[in-house]
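generate coordinates for the sequence data below:
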Amino acid sequence: MTQFPETRYATCEDGVSIAYQTIGDGPVDLVFELENHGNVEIMWELEALADLFARLSSFSRLILHDRRGTGLSGGSSFPDLETRARDLLSVLDRIRSPRVALFGERTAGAALAVFAATYPDRVSSLVWFEGVATRRWSPEYPWGHTPDEHREEASVVRDGMGSERLARQWLMARAPSFAGDERLEAEIARLDRHFMAPSTAADWITVESETDVTAILPLLRCPTLLLDHEQSPTGAAQSRHVQSKIAGAELGLVSGDVYGLPFGNRAEISDTIRAFVARERGVEAPDTVLGTVLFTDIVGSTQHQASVGDRAWVDVVGSHHAIVRDALARWQGVENDTAGDGFYATFDGPARAVRCALDIASRVRELGIEIRAGVHTGECEIVEGKHAGLAVTIGSRIAGIAGPSEVLVSRTVRDLTAGSGFSFDNRGEHELKGVPERWQLYGVGT
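Numbering: from 1, shown residues only. Sure, this is the predicted structure:
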């Protein structure tokens with residue numbers, strides 16, 4: 001059996017253990033994620049992967065980790081983007097890595113892009129191999145799949161995950177020159193079985209079919225390289241699409257007629273990554289971050305005040321404030337401002353902001369009142385330690401449209417919270433006062 005580095009565990013804030021390894025002692029920390037393979041110990045048994053790891057760790061401290069619910073990590077289901085980002089942050093804190101370069105394949109790169117936008121001070125650069133911003137078809141994104149195609153894909157992996165038959169199909173599509181190698185098919189099938197259970201794989205397909213990070217791509221500020229193949233069947237169309245959304249992003253094409261990592265031109269791939277992440281660049285403190293804003297206020301507060309009287313209303317408002325602040329503490333939100341009976345808070349992930357809003361809406365009913373809430377995720381400027389900018393205005397306007405006990409969110413929030421357990425009810429397009437264009441909004445349930 002191939003020798004591999006020691007597997008260690010980082011404990012996340014909710015107690016879940018994330019398995020990780022570090023290899024090499026180069027001057028740059030490099031996080032590596034594949035889209036659909038992952039078990040930090042079994043991966044070393046695949047010769048092509050072991051070779052790629054050796055090449056990458058020759059110039060870096062290579063960081064591998066198993067996503068929650070997969071491989072050797074804890075958790076019972078495939079995580080949403082926000083959870084993946086916070087789990088990776090736990091690993092980086094555990095190994096005392098202040099700043100990293102990121103390398104992700106396909107949708108794994110999309111998750112790392114969210115991490116880079118949310119924690120820009122922790123990321124030096126991003127290399128995205130075969131950039132895939134979403135797997136969902138639209139007229140603007142013809143490379144995606146329809147809901148029926150995703151359901152069929154989920155059924156296929158539920159029935160065949162870990163089988164040599166599925167491994168053979170993958171090789172035929174992505175690395176045809178290796179198709180028919182029965183030993184390799186068996187190795188890939190074994191790796192898949194140790195990656196995730198068939199039920200988890202079906203969940204993974206469902207989550208990714210509902211995820212879209214396109215809206216956050218213009219917010220990336222780290223140097224970004226899209227890496228693809230010269231002989232890509234689509235002309236690297238998806239990578240070019242992603243590149244067009246990221247200011248200053250570069251596109252690099254590698255040679256060879258094999259499209260699937262790690263069977264392509266590993267020497268050229270690793271050399272390209274080495275050259276990009278080693279480039280001398282100045283380090284500037286980020287002045288914007290990807291943030292989530294939450295606005296709440298009491299519905300019909302004036303009428304309530306008139307009906308119960310000023311003295312009683314002071315007690316109601318005091319109890320309301322206590323509930324809101326308790327929920328913010330529970331869901332790790334930061335109170336930015338309070339005016340009358342309204343609150344403005346920020347989060348580093350949309351799912352916790354939505355859960356906080358639902359928590360508040362449920363608990364204040366015991367006071368005989370209802371709140372409305374609006375949630376939006378976007379680029380926020382940091383002004384005197386607080387979030388500001390158009391994203392904040394959008395969140396406020398969304399809250400103003402919400403009905404009693406309703407949590408109303410932007411499409412960006414919906415697209416970034418797939419796998420969080422929410423249900424979304426389309427509320428149609430709305431004009432937001434002072435904000436360009438019309439905005440698609442959704443009501444949230446669980």
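
now the strands for the stretch 1-150 of the chain?
8-11, 17-23, 28-33, 60-65, 100-105, 123-129 (DSSP state E, counting those that start in this stretch).

reformat these as CSV; add mean neighbour count.
For the C-beta atoms, the positions are set from N, CA and C on the backbone; glycine is no exception. What follows is the strands of the stretch 1-150 of the chain, written out as CSV (neighbours: other CB atoms under 10 Å):
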stretch, mean neighbour count
strand 8-11, 16
strand 17-23, 22
strand 28-33, 23
strand 60-65, 26
strand 100-105, 26
strand 123-129, 25
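
so which of the ones you listed is nearest A312?
For A312, the closest of those is strand 8-11, at 46.2 Å, according to CB to CB.

how about the helices of the stretch 151-300 of the chain, start to end?
Ranges of helices in the stretch 151-300 of the chain, per DSSP state H, counting those that start in this stretch, are 164-174, 182-195, 198-209, 237-245, 266-277.

tell me which of these lies nearest to L225.
Across these, closest to L225 is helix 266-277 (CB to CB), at 4.8 Å.

tell me the buried residues in the longest helix anywhere in the chain?
Counting residues, the longest helix found in the chain (DSSP state H) is helix 310-330. If you call a residue buried by 16 or more other CB atoms under 10 Å, then helix 310-330 has these buried ones: W313, V316, V317, H320, I323, V324, R325, A327, L328.

what of stretch 263-283?
Buried, per 16+ other CB under 10 Å, within stretch 263-283: F263, G264, N265, R266, I269, S270, T272, I273, R274, F276, V277.

which of the residues you listed sit farthest apart?
Using CB to CB, the buried residues of stretch 263-283 span at most 22.5 Å, a distance reached by F263 and V277.

if we can go back for a sec, now the buried residues of stretch 263-283 in TSV, with pLDDT and distance to E187?
Output for the buried residues of stretch 263-283, formatted as TSV (pLDDT from 0 to 100; distance: CB to CB, whole Å):
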residue	pLDDT	distance to E187
F263	87	12
G264	86	17
N265	90	20
R266	93	16
I269	95	20
S270	96	21
T272	96	26
I273	97	24
R274	97	27
F276	97	30
V277	95	29
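
now distance to Q440 too, for the residues you listed, in a markdown table please.
Shown next, in a markdown table, are those (distance: CB to CB, whole Å):
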| residue | distance to Q440 |
| --- | --- |
| F263 | 40 |
| G264 | 38 |
| N265 | 42 |
| R266 | 42 |
| I269 | 38 |
| S270 | 42 |
| T272 | 38 |
| I273 | 37 |
| R274 | 42 |
| F276 | 36 |
| V277 | 37 |
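
what separates V258 from R174, distance-wise?
Using CB to CB, to the nearest Å, V258 is found at 8 Å from R174.

tabulate the strands of the stretch 1-150 of the chain (CSV), appending distance to E250 and mean pLDDT.
Putting those into CSV (distance: least, CB to CB, whole Å; pLDDT from 0 to 100) gives the following:
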stretch, distance to E250, mean pLDDT
strand 8-11, 32, 98
strand 17-23, 26, 98
strand 28-33, 17, 97
strand 60-65, 19, 98
strand 100-105, 14, 97
strand 123-129, 10, 97
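
can I get the ones you listed in CSV including distance to T211?
As requested, the strands of the stretch 1-150 of the chain are exported to CSV (distance: least, CB to CB, whole Å):
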stretch, distance to T211
strand 8-11, 24
strand 17-23, 20
strand 28-33, 15
strand 60-65, 20
strand 100-105, 14
strand 123-129, 15
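
to A179, which of those strands lies closest?
For those, distance to A179 was read as CB to CB. The smallest value, 20.0 Å, belongs to strand 100-105.

and the angle from that closest one to strand 123-129?
Using axes from the mean of the first three to the mean of the last three CA atoms, to 10 degrees, the inter-axis angle of strand 100-105 relative to strand 123-129 is 10 degrees.

who touches strand 100-105?
28-35, 56, 60, 63, 92, 109-113, 115-116, 122-130, 261, 273, 277 (CB atoms under 8 Å, 6 or more residues apart in numbering).

could the buried residues of helix 310-330 go into TSV alongside pLDDT?
Converted to TSV, those look like this (pLDDT from 0 to 100):
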residue	pLDDT
W313	94
V316	95
V317	95
H320	96
I323	97
V324	98
R325	97
A327	98
L328	98
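
nearest to T214, of those residues?
The closest of these to T214 turns out to be L328 (CB to CB; 29.5 Å).

separation between the closest residue to L166 other than its chain neighbours and H150?
Leaving aside its sequence neighbours, L166 sits nearest to G160 (CB to CB, 6 or more residues apart in numbering; 4.3 Å). Separation of G160 from H150 (CB to CB): 16 Å.

if we can go back for a sec, to T214, which of the strands of the stretch 1-150 of the chain lies closest?
Nearest to T214 among these is strand 123-129; the distance by CB to CB comes to 13.2 Å.
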